[in-house]
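**Q** model this:
(one chain, ligands or ions: 1)
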Amino acid sequence: MWGRGLPTHLILQGPPAVEVVLKRSARAKRLSLRVSGLDRRVSLTLPPRVRLREAEAFLREKESWLRTALARNPDMVRVEPEAEVLFQGAPHVVELATVKAVQVEGDRLLVPGRAPERTGARVEAFLKLQARHRLQAASDLYAARLGLPYGRLTLRDTRSRWGSCSAEGNLNYSWRLIMAPAEVLEYVAAHEVAHLAEMNHSPAFWDVVTRLYGPYAEQRGWLRQHGGQLHRYRFKD
Ligand SMILES: [Zn+2]
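**A** Residues are numbered from 1 along each chain as shown. Have a look, this model is predicted:
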């Protein structure tokens, strides 16, 4: 273990120079280097008892991988082992593990280690399933509150809208809402359910939303400000 004088970061000489934040973790079993998909920060996680010069050697060994990862389109995050993906508004690190199905453990998303090339597809399938559960539960709740039934519930991957309600009373949602904070997903469900009563965005419509959900400005604002982020993730090549 390190005593005092442990550096908080290392600099990989450039050009361009890259700052690597050092994180010690009692849980880590090996050195791992990561580029955050959210803010492009580079971090190196060290298990207990790993010495600084081992960390430096590891970093040099991974330098070309790191520079390639940093040069990639920053607007796109490829979901693969060690990547960060949003789940219910919080970043989760994708980790290969001896699990049978994808599962959440703290801030990690554990993915079956067999066939790691299928990681992105597995995470996507997991997120879609979670999205369906949560959107259905929220739609059921608000429809019951409103006293009007809805028809079918369909998940889509639309860029232009987070949800819609058809004239027949069918609800459509973007499954990517599962990456947003839970209350944002719930607001979208309340919004679409409210269209069962008011097929417009009149003041009467917003009154229904408030009645079903409560104050919604913050959640609506989140989608405006951060919603685009949810489209940065690529699950398959
Ligand atoms: Zn609407």
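**Q** For Val42, give me the backbone phi and psi.
**A** Per-residue torsions, Val42: phi -100, psi 130 (degrees, to the nearest 10).
**Q** I meant to write Arg152 there.
**A** The phi/psi pair for Arg152 (degrees, to the nearest 10) is phi -90, psi 160.
**Q** One more: His195?
**A** Reported as degrees, to the nearest 10, the phi and psi values for His195 are phi -70, psi -20.
**Q** Grab the nearest non-local neighbour of it.
**A** Cys165 (3.6 Å; CB to CB, 6 or more residues apart in numbering). Where C-beta positions appear, they are placed from N, C-alpha and C, glycine not excepted.
**Q** Count the neighbours of that neighbour for me.
**A** The burial count assigned to Cys165 is 21, neighbours taken as other CB atoms under 10 Å.
**Q** Okay, now the unreliable bits of the protein?
**A** Applying pLDDT under 70 to the chain picks out residues 1-6, 37-39, 73-74, 237.
**Q** And the helices in it?
**A** Assigned by DSSP state H, the helices in the chain fall at 52-61, 63-71, 119-146, 182-194, 203-213, 217-226.
**Q** Distance of Ala69 relative to Ala143?
**A** Distance, Ala69 to Ala143, by CB to CB, to the nearest Å: 44 Å.
**Q** okay, now the domains of this protein?
**A** Domain segmentation of the chain under automatic domain parsing yields 1-74, 77-237.
**Q** Just name the most buried of these.
**A** Highest mean neighbour count of the domains of the chain: domain 77-237, a mean of 17 (counted as mean count of other CB atoms under 10 Å).
**Q** Look up the closest residue to the residue positioned nearest the centre of the chain, ignoring the ones flanking it.
**A** Nearest residue to the geometric centre of the chain (CA atoms, centre = their mean): Leu86, 1.2 Å. Nearest non-adjacent residue to Leu86, counting by CB to CB, 6+ apart: Met179, 3.9 Å away.
**Q** I figured the one you found hits Leu230, correct?
**A** Yes. Using CB atoms under 8 Å, Met179 is in contact with Leu230, at 4.8 Å.
**Q** so what sits against both of these two?
**A** Common contacts of Met179 and Leu230, defined by CB atoms under 8 Å, 6 or more residues apart in numbering, comprise Leu86.
**Q** What's the separation between the nearest residue to Ala90 once chain neighbours are set aside and Leu129?
**A** Distances taken as CB to CB, 6+ apart put Asp107 closest to Ala90, at 6.7 Å, once the chain neighbours are dropped. Distance, Asp107 to Leu129, by CB to CB: 20 Å.
**Q** cool, Leu22 as well?
**A** In terms of CB to CB, Leu22 sits 36 Å off from Leu129.
**Q** Likewise for Ala190?
**A** Counting by CB to CB, the separation of Ala190 from Leu129 is 22 Å.
**Q** Just list the residues touching the residue nearest to Ala90, thanks.
**A** By CB under 8 Å, 6+ apart, the contact set of Asp107 is Ala90, Pro91, His92, Val93.
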